[in-house]
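Undergrad: how does the following fold in three dimensions:
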Amino acid sequence: MNKKFLTIGIALLMVAIVTATAAYFLFPYQPDQPPQTDDTDSSQTGIQQVVEANNKFAFDFYSEINKEEESNIFYSPYSISAALAMTYEGAKGQTADEMKSVFHFPESNILRPNFAAIYNNINKKDKEYKLSTGNALWAQQDYPFLEDYTNRVEQYYGGKAANVDFKQETEKSRRTINKFIEKQTNNKIKELLPKSPPVIKPATRLVLTNAIYFKGTWEWEFDKKKTREGDFKVTPTQSVKTQMMTLTGEKAKFNYAKTENLQILEMPYKGEELSMLVLLPREGTLDEFEQSLTLEKLNEWRNSLQKRKIDVYMPKFEFDTKYFMKDTLSAMGMPTAFGNADFSGMDGTQDLLIQNVIHQAFVEVNEEGTEAAAATAVVVGIESVGPRIPIFRADHPFIFIIQERETGNILFMGRVTDPTQ
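TA: So this is what the prediction gives:
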């Protein structure tokens, strides 16, 4: 009897292994080993053009999403730009013109090799922090996508293609994509493509995904023993209790600047290649500050930073966000992609349009450092200063940016209005 149960157990185990292996081989590549891209014709000037395009979109999107969101905001402009850049490669006519305008893309001969260079730099080895990104195409297995399109996306964006069956195995396809994204983001982004409301349908023909993951330790960590409960002023008249971190009386020096209505603090991560910029407006002036916030001003403030000793008080916070971006991107100036679209560069027809764009992000900031992740899916288918030490007390709403220090490339951007949410 025991031998019979053992035989059955082994058989069931073998079935489970085969099933898991079969699901794994649906992935376009191992999630933790994104492929290299062709950055042969990249240049420092070209990289800066693509960085500027990404950063302009970062501020445009913040301005638009701020109209809809009253609470915390967090997103990766890089992730959104990457997913839509791959989509843009298949766009023609007015569809392409609108997408180019919204994302500020340079000409394709500049965009392709320099996006590839940025991607390769994010994925470089031997870093003192964890930072990786990966792209993928999930194509309906019997749909005739143009080889020129899929080859170009793989060459310059690392977007290898995997065949799935949206028609007959809609739910399995959704789960496969979600599992891949989950693995790419260290389990921080789950259910990017929700089951309800359904975003993957039998009419879906292509899903383009980007994932980005970051984990870094502060160059100067906060002492956990000094973290205390404190007040965070959600509004000038309302406060919430939260855990406030403290870094004072240390040898650490930070890049810092102050204007009449703003304090700017740059907090580097170990390796000093990435940092967090914190923009702290004067209490009660966040709305006014946001209305005047521009990339040009950010660059001006960056240039004014000077290293000095600072007493820093920051809240610990952790939150998730999710945005269904169809209406937002339409309002920003690319409605054609969701309606009378021309993605003939993908398949040679004008049958395809974008059904949805979904972006999900996670961030945790604590005494040790920061962990952040984001993923984007584009679903395509058939449808129709004085000597006194300044005090930087982030005890009221503020904006934060995680950037590559050398280029200024904005990887993540967000707002904390209530760190307890």
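Undergrad: what pLDDT does the model give the spatially most central residue of the chain?
TA: Residue closest to the average C-alpha location in the chain (C-alpha atoms, centre = their mean): Ser76, at 2.6 Å. Per-residue confidence at Ser76 stands at 98 (pLDDT).
Undergrad: for it, give me its contacts.
TA: 212, 359, 361, 372, 374, 376, 411-413 (C-beta atoms under 8 Å, 6 or more residues apart in numbering). Backbone N, C-alpha and C define where each C-beta goes, glycine included.
Undergrad: who touches stretch 65-74?
TA: Taking C-beta under 8 Å, 6+ apart as the rule, stretch 65-74 contacts 62, 75, 290, 317, 319, 321, 323, 328, 361-363, 372, 412-418, 421.
Undergrad: for stretch 84-97, same thing?
TA: For stretch 84-97, contacts defined as C-beta under 8 Å, 6+ apart pick out 99-100, 103, 105, 108, 111, 115, 135, 137, 149, 152-153, 157, 159, 208, 210, 334, 336-337, 341-347, 352, 354, 357, 376, 378, 380.
Undergrad: and those residues, which of them are buried?
TA: 99-100, 103, 105, 111, 115, 135, 137, 149, 152-153, 157, 159, 208, 210, 334, 336-337, 341-347, 352, 354, 357, 376, 378, 380 (16 or more other C-beta atoms under 10 Å).
Undergrad: now the end-to-end length of stretch 390-402.
TA: The first and final residues of stretch 390-402 sit 23 Å from each other (C-alpha to C-alpha, to the nearest Å).
Undergrad: buried ones in that stretch, by neighbour count?
TA: 390, 392-402.
Undergrad: what's the lowest-pLDDT member of these?
TA: Comparing the buried residues of stretch 390-402 by pLDDT, Pro390 comes last, at 77.
Undergrad: my guess is that residue contacts Ala257. True?
TA: No - applying C-beta atoms under 8 Å as the test, Pro390 and Ala257 come out as separate, 9.9 Å apart.
Undergrad: identify the contacts common to those two.
TA: Gln263.
Undergrad: check which helix or strand Val265 maps to.
TA: Check again: residue 265 is Leu, not Val. strand 262-268 (DSSP states H and E).
Undergrad: other SSEs contacting the following helix or strand past that strand?
TA: Next helix or strand after strand 262-268 toward the C-terminus (DSSP H and E): strand 274-281. Other helices and strands packing on strand 274-281, by 3 or more C-beta pairs under 8 Å, 6 or more residues apart in numbering; DSSP states H and E, are strand 262-268, helix 286-292, helix 295-304, strand 398-404.
Undergrad: pairing partners for the last one, with directions?
TA: Looking back up the chat, that one is strand 398-404. The strands beside strand 398-404 in its sheet (DSSP bridges) come out as strand 274-281 (antiparallel), strand 410-416 (antiparallel).
Undergrad: tell me which of these sits most buried.
TA: strand 410-416 (a mean of 23; mean count of other C-beta atoms under 10 Å).
Undergrad: contact partners of that one?
TA: With C-beta under 8 Å, 6+ apart as the criterion, strand 410-416 contacts 54-55, 58, 62, 66, 72-78, 122, 131, 212, 214, 274, 315, 317, 321, 361, 363, 372, 374, 394, 397-404.
Undergrad: now that strand and helix 295-304, what's the angle there?
TA: When axes from the mean of the first three to the mean of the last three C-alpha atoms, to 10 degrees is applied, the directions of strand 410-416 and helix 295-304 differ by 100 degrees.
Undergrad: where's the residue nearest to the centre of the chain relative to Asp327, distance?
TA: 19 Å (C-beta to C-beta, to the nearest Å).
Undergrad: again, but for Asn366
TA: 34 Å.
Undergrad: quick one, which of the two is more surrounded?
TA: Neighbour count, other C-beta atoms under 10 Å: between Asn366 and Asp327, Asn366 has more, with 18 against 14.
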